[in-house]
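> build me a model from this:
(2 chains)
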Amino acid sequence: MGGQRGARGRRAMSAVGESAGREALALDRVVHDRTRLGMLSALAVNERLSFVELKQLLDTTDGNLSVHARKLEDAGYITCTKSFAGRVPRTEFRLVAAGRKALERYLRHMEVLIHATRAFKPPS
Amino acid sequence: MNALPSLRRRPPAPLEQHALEEIRFIRDTMERATSWTAFPGWGLVVIGVTAATVAALAARAPSSAAWIQTWLAEAVLAVGVGTAAMAFKARRMGSAPFSPGWRRFALSFSLALAAGLVLTVALARAHETDLLPGLWMLLYGVGIRTAGAFSVAPVRVMGYAFMLTGIVALFTPPGWRDALMAVSFGALHVGFGAWIARRHGG
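Numbering: from 1, shown residues only, chains lettered A, B, ... in the order given. Below is the predicted model:
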């Protein structure tokens, strides 16, 4: 009985482990980076944010933020608008539908990982 | 806006812990991103200086009605200074002056302000003007504390400080009212304004 339970448990753990592994591998690499994840999260709760606001929020440099913003733009997750407020240049970012979906998908991945790894834990 | 220390690189964590940290990071970022950070610290300092000046002037007011009018004029001036300073700070930060964060802050704050206005009229008509300083401080503190949920931490602390001075004012002799008004609307504004300006970009 104990042996059957052990074998069943190992099979279940293996299946969950594979599933968790697949989920981990299927992570959106564009979103997985902390700076880009922070940008998407901040833009998800704001209609738009300026370059300066995002820089302060994420405590990053101009160059770093520009690079990550470009990657998100290339992936079609955010849009960037450049304008002038008087003589001061102003760069604003907005999250588009694809970006919101990518963030939601990433959150679901994390939830699946948590459930999977909790199910994977052998009974103490 | 506050920086997020969790951006720093850390050693690898087990999957579950990593996933939990990612979700926590997203939640924290969203919380911080909705904070209204254009709260004008330097504007608050100016308001504090004008309030301290008005406290000295109001102490010489010939009647209760004149005392109330002096402080109501200061309130109008403070709203003007605060709005201008907020717009200036928002512009410097490259954000919209009347952002969703500001709207949430203003709505929460205005409720306590409206209650204060109604009670001011009611107490003035009942000739209970000695209660006004404590009531103003208490309600202002409640408004700032409540609205501070949508802004940076020092704003919330300032709300508590005003509530505390309001309670003190309600249970001290009427002769202390001008000194307490100078301490609260003057010194507290200057102190917290300087704190906010230094920690949160102006």
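
> what's the nearest residue to the residue sitting nearest the centre point of chain B if we skip its chain neighbours?
By CA atoms, centre = their mean, chain B has its centre lying nearest to residue B:144, at 4.3 Å. Nearest residue to residue B:144, sequence neighbours excluded (CB to CB, 6 or more residues apart in numbering or on different chains): residue B:159, at 3.7 Å. Heads up, the C-betas are built off the backbone N, CA and C, glycines and all.

> OK, contacts around the one you found?
The contact partners of residue B:159, taken as CB atoms under 8 Å, 6 or more residues apart in numbering or on different chains, are B:141, B:142, B:143, B:144, B:145, B:146, B:147, B:148.

> report the buried residues of the host helix or strand of it.
Using DSSP states H and E, the secondary-structure element containing residue B:159 is helix B:153-170. Neighbour counts using 16 or more other CB atoms under 10 Å in any protein chain shown place B:154-159, B:161-163, B:165-166, B:168-169 of helix B:153-170 among the buried residues.

> angle of the strand or helix carrying residue B:53 against helix B:153-170?
According to DSSP H and E, residue B:53 maps onto helix B:41-58. Angle, helix B:41-58 to helix B:153-170, by axes from the mean of the first three to the mean of the last three CA atoms, to 10 degrees: 20 degrees.

> just the CA atoms of helix B:41-58, as CSV, please.
This file holds the C-alpha atoms of helix B:41-58, laid out as CSV (Å, rounded to 0.1, in the frame of the first residue of the first chain):
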residue,chain,number,x,y,z
GLY,B,41,7.0,69.7,-0.8
TRP,B,42,8.3,73.2,-1.4
GLY,B,43,4.8,74.4,-1.9
LEU,B,44,4.0,73.1,1.6
VAL,B,45,6.9,75.0,3.0
VAL,B,46,5.6,78.2,1.5
ILE,B,47,2.1,77.4,2.9
GLY,B,48,3.7,76.9,6.3
VAL,B,49,5.4,80.2,6.2
THR,B,50,2.3,82.1,5.2
ALA,B,51,0.3,80.2,7.9
ALA,B,52,2.8,81.1,10.6
THR,B,53,2.5,84.8,9.5
VAL,B,54,-1.3,84.6,9.4
ALA,B,55,-1.3,83.0,12.9
ALA,B,56,0.5,86.1,14.2
LEU,B,57,-1.9,88.4,12.4
ALA,B,58,-5.0,86.5,13.5
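
> right, and chain B sits closest to which residue of chain A?
Residue nearest to chain B within chain A (CB to the nearest CB): residue A:59, separated by 3.1 Å.

> return the backbone torsion pair for that residue.
Residue A:59 has phi and psi values of phi 50, psi 50 when expressed as degrees, to the nearest 10.

> go through the following helix or strand past the helix holding residue B:159 and flag the buried ones.
Note on helix B:153-170: by DSSP H and E, the next helix or strand toward the C-terminus is helix B:177-181. By neighbour count on 16+ other CB under 10 Å, the buried set for helix B:177-181 is B:177, B:178, B:180, B:181.

> what helices or strands is helix B:177-181 leaning on?
On a contact count with 3 or more CB pairs under 8 Å, 6 or more residues apart in numbering or on different chains; DSSP states H and E, helix B:177-181 meets helix B:41-58, helix B:132-147, helix B:153-170.

> the inter-axis angle of the shortest one versus helix B:153-170?
On the basis of the same axes, to 10 degrees, helix B:132-147 is oriented at 160 degrees to helix B:153-170.

> how distant is helix B:132-147 from the center of its chain?
Distance, stretch centre to chain centre, for helix B:132-147: 9 Å (CA atoms, centre = their mean, to the nearest Å).

> what residues does it touch?
B:68, B:71, B:104-113, B:115-116, B:119-120, B:123-124, B:155-156, B:158-171, B:177, B:180-181, B:184-185.

> quick one, what contacts residue B:172?
residue B:180.

> do the same with the one 4 residues further on
The contact partners of residue B:176, taken as CB under 8 Å, 6+ apart, are residue B:169.

> need the pLDDT of it.
Note for residue B:176: predicted pLDDT of 93.

> repeat for residue A:21
51.

> ok, now residue B:133?
Looking at residue B:133, its pLDDT reads 96.

> so can I have a markdown table of the contacts of residue B:159 showing pLDDT and distance to residue A:116?
Output for the contacts of residue B:159, formatted as a markdown table (pLDDT from 0 to 100; distance: CB to CB, whole Å):
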| residue | pLDDT | distance to residue A:116 |
| --- | --- | --- |
| B:141 | 97 | 48 |
| B:142 | 97 | 46 |
| B:143 | 96 | 47 |
| B:144 | 96 | 45 |
| B:145 | 96 | 42 |
| B:146 | 94 | 41 |
| B:147 | 92 | 42 |
| B:148 | 91 | 40 |
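
> please pick the buried ones from these.
By neighbour count, with 16+ other CB under 10 Å, these hold B:141, B:142, B:143, B:144, B:145, B:146, B:147, B:148 as buried.
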